[in-house]
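Undergrad: fold the following for me, if possible:
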Amino acid sequence: MDPARLVGAALADPAPRSFIARGPLSLVAAGKAAAGMLEGFTAAVDRPIRRGVAVGPGVAGSLPETVAWHRGGHPTPDAGSVAAGREALRCAAGAPASGCLVVLLSGGASALLSIPAAGVGLAEKVATTRALLAAGVPIDELNCVRKHLSGVKGGRLAQATAGRVLTLAISDVVLPVEDDPGVIGSGPTVHDATRFAEALAIVERPAIRPRVPVGVLRLLAQGRDGLVPETLKTPPAADRAMYRVVGSRRDAMSGAAEAARRLGYAVTRIDEPVVGEARVAGAGHPARAVEAAGAPAGPWCVLSSGETTVTVTGAGRGGRNQELALAAVERMGRLGAAAVLASVGTDGVDGPTDAAGALVDPETSLRARTLGLEPPAAYLAENDAYAYFDRLGDLVRTGPTGTNVGDVQVVLARPGDLTVPLEAGRKG
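TA: Now for the predicted structure:
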C-alpha cells in the first residue's frame, strides 16, 4: 500500500496524464497519505508545481520548494487544519483558468483540511465532531455534518478554482457506497447529494444533541431554511474535472494475500466489508473465518477488511480494532492452539491510542485469567480494550504508516488444530 506507487501507477494512464498536460499546475494534498502521494506525483510528473499546499498528521520529508507543508489534527481538526484549509482555498483561487489544480486525497483529510463555516468557531466544530464520534455514527453521516459546517468540503474547493481539477484519491470509505467520492475527505472537489436538513437531523438525535454547541444547531437550521448557501449540487463538467480512486482496502487485502501465499498459506478473501458495531462483528468473526476457509489441506489464511464503529458508553480506552478483537476472545477459545486473529488499522492508529490493533489466540482468555484480569465482557462494558490487551502484551504497535484504507482482519490457522465444530461457533 505504498501511496507513491499508487499515484505513479494512476499517472501512467494516458487519460489523467493528458488532463494535466497543458497549463500550469497547482496542487493540494490532504490526508494521512499526503506526503507519500505528493512524492509519487512529483516523481511521475516532470513539470513544476506553480503553487501547492499539503497537510498531514506528522512532519513531511523533502518537498518541492513551491509546496507548503502543514501539520493538522486528527480525528478532530486543529489550528493547523484550519491554516491548511485556508491556504488550500487560496491556492485553488489563484490557479489560472488555463491550468489544472491537482488534489491528492486520502483518509483523514476531512479533519486535516478544515475551515469552519461562517458563524461557527473551530471549538464548536471540534465539539460536534467528538459528539458524533462518541455516538459511533457511520462515516457518511459524520461527513454529511462536516460538509455543512465547512468552507472547503462538499465541492467548495472545486468551486474556488477557474481551471481544471484532477483528483486522485486513496479511499477508506466502505459504506453506504464503497469508495464514494462524496465521502472521501468529505468530497472537496465533487458535488454533494446531502443537504442541511439531513445534517441537522443527525445532530438532533437524542444521544447527540446535548453535546452539540448551540451555534452549530443554529447554523444547520438556517441552512435547512435556505438562509445559508448549500454545498455544490451540480457535478462539474467532464472536461473540467476528473476523479480517480487509486487505492482502497482491496489493495491492502491483495498485498496481504500475496505475503501470506509466500509463507505457504492457502488464502481466502472475504470481499464483503466488515462493518457495524465492532463488538458484534468481532463476536462472529472466528466462525465466519472458519466457514470461509472451507477445508484446506494445510495452513490457511482468511483476509477481510472494512471499518466498524464503536458506540462509547464507558470511560476506558481503545479503538474499533481493539474492541473487535476483544469481542472475539471467547469465540477464539473454541479453536485449537495454532490459530490467531489480528485486527489492525492500516494507518497504524486505532482510536485515541498508540496501537494499531490487537491479536487474539485461543489461549488469550486463559492467559488473561492467569493475570487476574476480568472477563472480556467487563472490559467491553467500559470500552477498555486497550487495558486488556496491554496487560497481555497483545497490542499491535506499528506507528503511523503514512496511508489509510480502513481496517484489515487476518485469521491464520492449521486445520488439524480446530477442535470445535463450526456449528458451535455459530451459536450464542
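
Undergrad: three-state assignment of Leu166?
TA: strand (DSSP: H, G, I helix; E, B strand; the rest coil).

Undergrad: pretty sure Leu133 contacts Leu142?
TA: Yes. Counting by Cβ atoms under 8 Å, Leu133 does reach Leu142; the two are 7.3 Å apart. For the C-beta atoms, the positions are set from N, CA and C on the backbone; glycine is no exception.

Undergrad: neighbour count winner among the two?
TA: A direct count of neighbours by other Cβ atoms under 10 Å for Leu133 and Leu142 places Leu142 higher, at 23 against 17.

Undergrad: show me where the stretch 101-250 of the chain has strands.
TA: Assigned strands in the stretch 101-250 of the chain, in chain order: 164-170, 241-247 (criterion: DSSP state E, counting those that start in this stretch).

Undergrad: winner for burial among the ones you listed?
TA: Stretch with highest mean neighbour count among the strands of the stretch 101-250 of the chain: strand 164-170 (a mean of 26; mean count of other Cβ atoms under 10 Å).

Undergrad: chain center to that one, what's the gap?
TA: Relative to the centre of its chain, strand 164-170 is centred 18 Å away, using Cα atoms, centre = their mean, to the nearest Å.

Undergrad: before we move on, back to that, can I get the strands of the stretch 101-250 of the chain in CSV with distance to Glu39 and mean pLDDT?
TA: As requested, the strands of the stretch 101-250 of the chain are exported to CSV (distance: least, Cβ to Cβ, whole Å; pLDDT from 0 to 100):
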stretch, distance to Glu39, mean pLDDT
strand 164-170, 13, 97
strand 241-247, 14, 97
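
Undergrad: which stretch among these comes nearest Val67?
TA: Among these, the nearest to Val67 by Cβ to Cβ is strand 164-170 (15.5 Å).

Undergrad: ok, His148 to Gln159 distance?
TA: According to Cβ to Cβ, to the nearest Å, His148 and Gln159 sit 15 Å apart.

Undergrad: thinking again about what came up before, with distance to Ala197 added, can I get the strands of the stretch 101-250 of the chain in JSON lines?
TA: JSON lines is the format used below for the strands of the stretch 101-250 of the chain (distance: least, Cβ to Cβ, whole Å):
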{"stretch": "strand 164-170", "distance to Ala197": "27"}
{"stretch": "strand 241-247", "distance to Ala197": "26"}
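
Undergrad: ok so, going back, more crowded one of His148 and Gln159?
TA: The neighbour comparison of His148 against Gln159 (other Cβ under 10 Å) goes to His148, with 30 against 18.

Undergrad: check contacts around the more buried one.
TA: Contacts for His148 (Cβ atoms under 8 Å, 6 or more residues apart in numbering) come out as 117, 154, 194-196, 199, 219-220, 223, 231.

Undergrad: how about a cut-off of 6 Å?
TA: 196, 199 (Cβ atoms under 6 Å, 6 or more residues apart in numbering).

Undergrad: Gly56 now?
TA: 34-35.

Undergrad: for Arg211, see how far away it is.
TA: 28 Å.

Undergrad: same question, Ala97
TA: 44 Å.

Undergrad: looking at those two, which is more packed in?
TA: When Ala97 and Arg211 are compared for neighbours, Arg211 comes out ahead with 14 against 9, by other Cβ under 10 Å.

Undergrad: ok, that one to Ala259 distance?
TA: 42 Å.

Undergrad: check Ala413 too.
TA: 17 Å.

Undergrad: please apply the same query to Gly314.
TA: Gly314 is 36 Å from Ala259, by Cβ to Cβ.

Undergrad: thanks again, I'm all set now.
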